[in-house]
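Engineer: below is the structure, and that's it, no one-letter string:
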C-alpha cells in the first residue's frame, strides 16, 4: 500500500514552490517582465568565471573514469583536505579532513544529520520562523518538531520558551544564521546564552544535545558584519553547509557536514553521519562538483550585488510604510502584513503581480518573505506595484 | 543522543567497501599491478566521448545561472520528455514525461521508492542473493526485509518460498535483472509466474503490491540476448534506473524512477515518490547531469568490453575447476566456494592477492562475487593466482 502520509507530502509541495509555479504560469500569460517574482531563494548572480573554467579543465583534461567515478561515501580525501585546511585557516580552529562529510547540498546535510542524531520519539527544537523542510527531515528521522519562537523585534530566541522546551527527549536544536526567512543574524549574546542553556540541559538530563547549525548563507553577510559562529560557543555542534548560495551552484548539489572538533564523541558522531547518509541512499556527493569546490575554497560569487539589492528593496518597502527589519545577511526581507495576516497580504499582492511568500509555512504567521536575489531591474520596476499595494492598506496615497 | 543503530550502519560500511579499502592499502604496499582487485562494481570503461563534449559545450556556452540552477524536484521537463520519448520508442509503451522522477542514481531511486510504498510494519520481499543496501533503505522506510532465495542452479525465484512469504503486510517485491551479484537474467517464465502470483495476492489481501525493478544493469546484456522487462508483465511496476553503469557516470549521481503507465494508481504513486524524495532531502537530481543524459538517450559506453572480459574470466575460472554459471549480463561472476564457505574462500584468495567479495552480505552463503569491470590485463595476469588458489583446494595441480 502507498504511504498516505508520504502522498500528502508529495501533494503539498511547499507554498514557495506553489507560488513560484503560479508565477511561471502568470509570466507565460502576461509576459515575464510584468510579473515581480520574489518567491524563490535561487541565486541570480552567476558562479565565478574561475569555477566555469575549472569545470571545463577537469572535464577536458581529466581521465574520464576518474573524474566521473565514485568517491568514498564521505567524499574524496583531496576535497576533504582542501575544505578542512581552509576552515582551519579562516576560523583559527583545529579540524581534520576526517570531520567532513561531503553531501549533495544543505537539504542532504540536514536530512543526514537528523537521521544520525535522532531516534524514534526524540524531539528537535526549531526556532520559528524556520525553513519548512526541517519538519519533513525531522519526521523522516522519526522525531518530533518542537517550535520555539524568535522574538519578533530582534529575531533572537525567546529563551524562556527555549528553557521550557528542553527535556530528556531533546536530541537537537537547529539554528540558521543568517536566517531564512528573516535575514537576521544570531548575536554573540544569544549564542552564549543558548550554549549555556544547552550545556545545563545536557548535565541535568544526562543526554547529548546537538546544535545543528544550518549555514547555507554563511558567506552572505553584508557591511563587513562579523558573523558569530555556533561552533565557537558550543562543543556538540554539527555544521550543515552548502555551496548553492555562496558559489551560485544550487543545481550542482554540493555541500558538507562538519562535526565540531570539540564534540564530545567526535568520532561516533561522524560514524553516525556516515550511517545516516547510507540509510538515505546517498552513495557519495556528486564527484565533479567535489573536485571543483576543492579548487575554490574561499571563493564566492559577487555577493556585493545582493547587498545592493537589499538596500534598494528595503528603501522601497520602508517608503511604502510597511514594517520590516533591515537584514544583515542572506537575501531575504521579512515584511509584516498590515492586516496581520500573511496569506491575505500575499494574495492581495498577487493582484499587483507581486509574488511574496506568506510566512505561515515558516511556522510564524503575519509576514511575507521577499527574496531579493533577482535582477536590479525587477526591484526598480516593482516600486509602483508595492506603492499601489500599500495604498490599498491606507499606508500611502497612490 | 546519537542513534546507535545508525552508528552501527556507519561502522559496518559494506563488506565490499572493506575489501576494496584493504585492496588500496595492499596496492600501496606491494604495487597496484600485483593486486588483483575484483571487489568493486565500478565501470572501468570511460563514458562516451560525446558525453564529455556535451558537458563541455553546456558549461562553455550555457548561461551559468541556468545550467547550475535548481530544476523542479522531479527533474527538468526537457529531460523528462527526452527520457520518456526514448523509452516509448524503444519499448513500444505509452508513458508520459509525468511518469518520470529524475534522481541522484539507483540508490536514491530505491530509497525514495521504498519510502513511497512502505509504511511502518510493512514488508518487502527481496530475492537472495541481493544488493546489501536494499535492507538499509527498507529499514529507513520503517519496513521489514523478507528474504526469498533464488534457485542456486538457475538463479530464478523459488516460487514456493515466494508464495509463503506473501501476506497482507507485503508492500513490495524487489527484482534486479541483470542481477548483482550473479549476472543472471530473470526469465520470461519467471516474470509471468511472479506477476500472476502478485496479482493473486493483491486480490486475496485487498492490497497493492509493487514490483520494484532495480535496473542499473539494463543495458549490460550480452550476445544479443533479449532482456524480459518486469514492466511488460505486471502493472504495479516501478522502475529504478541509473546511468552509472550504462554511461559510466557513477560519480555524477544521475538516474530516474519511472512509474508504469499501467499502474493502478499511477498519479498517486508518482505523488508518493515526490513525497519520498522530499522526505530524504533530495531537492533535485544534479542539474548538469540531467541535461547531459537528456542529450544521450540510447547512448552507452563500450559495453562490448565487458562481454570480452566475461569470456576471459569465465574461461580462467572454469579451467581452474571452480563452479560458476556463465552470466548473461551485468559485470559480475558468481563463483561457488569449494569449501562451501564464501568468507573462507575470500580470505584464502587474499593470500594470492585476489580480492573476491564473499556472498554472505548478499544474503546467500557459500559464494564469492568477481567484478570483471577491470582491465583485460588484470584478468590475464590473475590467471596464475586463480590456479594456485584452485590447487590449494585440490581442484588442479599447480
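Structural biologist: Structure received. Since we're looking at a predicted model, the values are computed, not measured. Numbers count the residues shown, from 1 in each chain, chains lettered A, B, ... in the order given.

Engineer: how close does residue A:189 sit to chain B?
Structural biologist: Going from residue A:189 to chain B by C-beta to the nearest C-beta, to the nearest Å gives 29 Å. Any C-beta I mention is one placed from the backbone N, CA and C, and that applies to glycine too.

Engineer: give me the three-state assignment for that residue.
Structural biologist: With DSSP: H, G, I helix; E, B strand; the rest coil as the basis, the three-state label of residue A:189 is helix.

Engineer: give me the below-cutoff pLDDT ranges for chain A.
Structural biologist: Counting by pLDDT under 70, chain A contains low-confidence ranges at A:13, A:398.

Engineer: can you give me the strands in it?
Structural biologist: With DSSP state E as the criterion, chain A has strands at A:36-37, A:100-103, A:123-128, A:144-149, A:170-175, A:210-214, A:237-242, A:255-259, A:332-336, A:354-355, A:357-358, A:367-371.

Engineer: would you turn these into CSV with mean neighbour count and distance to residue A:185?
Structural biologist: Formatted as CSV, these follow (neighbours: other C-beta atoms under 10 Å in any protein chain shown; distance: least, C-beta to C-beta, whole Å):
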stretch, mean neighbour count, distance to residue A:185
strand A:36-37, 22, 26
strand A:100-103, 28, 24
strand A:123-128, 23, 13
strand A:144-149, 18, 17
strand A:170-175, 25, 11
strand A:210-214, 27, 12
strand A:237-242, 26, 16
strand A:255-259, 27, 19
strand A:332-336, 24, 13
strand A:354-355, 23, 26
strand A:357-358, 25, 21
strand A:367-371, 27, 17
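
Engineer: of all those, which one is nearest chain B?
Structural biologist: Shortest distance between chain B and the strands of chain A, using C-beta to the nearest C-beta, is found for strand A:170-175: 6.4 Å.

Engineer: the closest one near chain B at all?
Structural biologist: Yes. Residues of strand A:170-175 contacting chain B under C-beta under 8 Å from any C-beta of the partner chain: residue A:171.

Engineer: and the residue of the stretch 51-200 of chain A nearest chain B?
Structural biologist: Closest point on the stretch 51-200 of chain A to chain B, by C-beta to the nearest C-beta, is residue A:111, at 3.0 Å.

Engineer: would you check that that residue makes contact with residue A:279?
Structural biologist: No. The pair residue A:111 / residue A:279 is not scored as a contact, 9.8 Å apart, by C-beta atoms under 8 Å.

Engineer: with neighbour numbers in mind, choose between the two.
Structural biologist: Shown here are residue A:111 and residue A:279; by other C-beta atoms under 10 Å in any protein chain shown, residue A:111 has more neighbours (30 against 27).

Engineer: ramachandran coordinates for the closest residue to the more buried one other than its chain neighbours?
Structural biologist: Distances taken as C-beta to C-beta, 6 or more residues apart in numbering or on different chains place residue B:281 nearest to residue A:111, at 3.0 Å, with adjacent residues excluded. When read as degrees, to the nearest 10, the backbone of residue B:281 gives phi 90, psi 20.

Engineer: quick one, helices of chain A?
Structural biologist: In chain A, the helices defined using DSSP state H lie at A:4-11, A:15-30, A:49-61, A:64-67, A:77-91, A:106-117, A:133-140, A:159-165, A:188-205, A:266-279, A:287-294, A:304-319, A:342-350, A:376-392.

Engineer: could I get those as JSON lines with distance to residue B:243?
Structural biologist: Below are the helices of chain A laid out as JSON lines (distance: least, C-beta to C-beta, whole Å):
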{"stretch": "helix A:4-11", "distance to residue B:243": "24"}
{"stretch": "helix A:15-30", "distance to residue B:243": "26"}
{"stretch": "helix A:49-61", "distance to residue B:243": "16"}
{"stretch": "helix A:64-67", "distance to residue B:243": "14"}
{"stretch": "helix A:77-91", "distance to residue B:243": "22"}
{"stretch": "helix A:106-117", "distance to residue B:243": "20"}
{"stretch": "helix A:133-140", "distance to residue B:243": "26"}
{"stretch": "helix A:159-165", "distance to residue B:243": "45"}
{"stretch": "helix A:188-205", "distance to residue B:243": "44"}
{"stretch": "helix A:266-279", "distance to residue B:243": "21"}
{"stretch": "helix A:287-294", "distance to residue B:243": "14"}
{"stretch": "helix A:304-319", "distance to residue B:243": "35"}
{"stretch": "helix A:342-350", "distance to residue B:243": "40"}
{"stretch": "helix A:376-392", "distance to residue B:243": "37"}
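
Engineer: burial-wise, tell me which of those helices comes out on top.
Structural biologist: Stretch with highest mean neighbour count among these: helix A:106-117 (a mean of 30; mean count of other C-beta atoms under 10 Å in any protein chain shown).

Engineer: show me the beta-bridge partners of the closest residue to residue A:215 other than its chain neighbours.
Structural biologist: Counting by C-beta to C-beta, 6+ apart, residue A:241 is the residue found nearest to residue A:215 once chain neighbours are left out, at 5.2 Å. Counting by DSSP bridges, residue A:241 is bridged to residue A:256.

Engineer: what does the stretch 101-250 of chain A put close to chain B?
Structural biologist: Counting by C-beta under 8 Å from any C-beta, the stretch 101-250 of chain A comes close to chain B at A:104-105, A:107-112, A:115-119, A:122, A:133, A:136-137, A:139-142, A:171, A:207-208, A:248-250.

Engineer: quick one: the residue nearest to residue A:111 from residue A:133, how far?
Structural biologist: 8 Å (C-beta to C-beta, to the nearest Å).

Engineer: ok, residue A:331 - contacts?
Structural biologist: Neighbour list for residue A:331: A:41, A:43, A:183, A:217, A:220, A:245, A:306, A:309-310, A:371-373 [criterion: C-beta atoms under 8 Å, 6 or more residues apart in numbering or on different chains].

Engineer: quick check on the residue lying closest to it once chain neighbours are set aside: phi, psi?
Structural biologist: Leaving aside its sequence neighbours, residue A:331 sits nearest to residue A:373 (C-beta to C-beta, 6+ apart; 4.2 Å). Here is the backbone geometry of residue A:373 (degrees, to the nearest 10): phi -90, psi 60.
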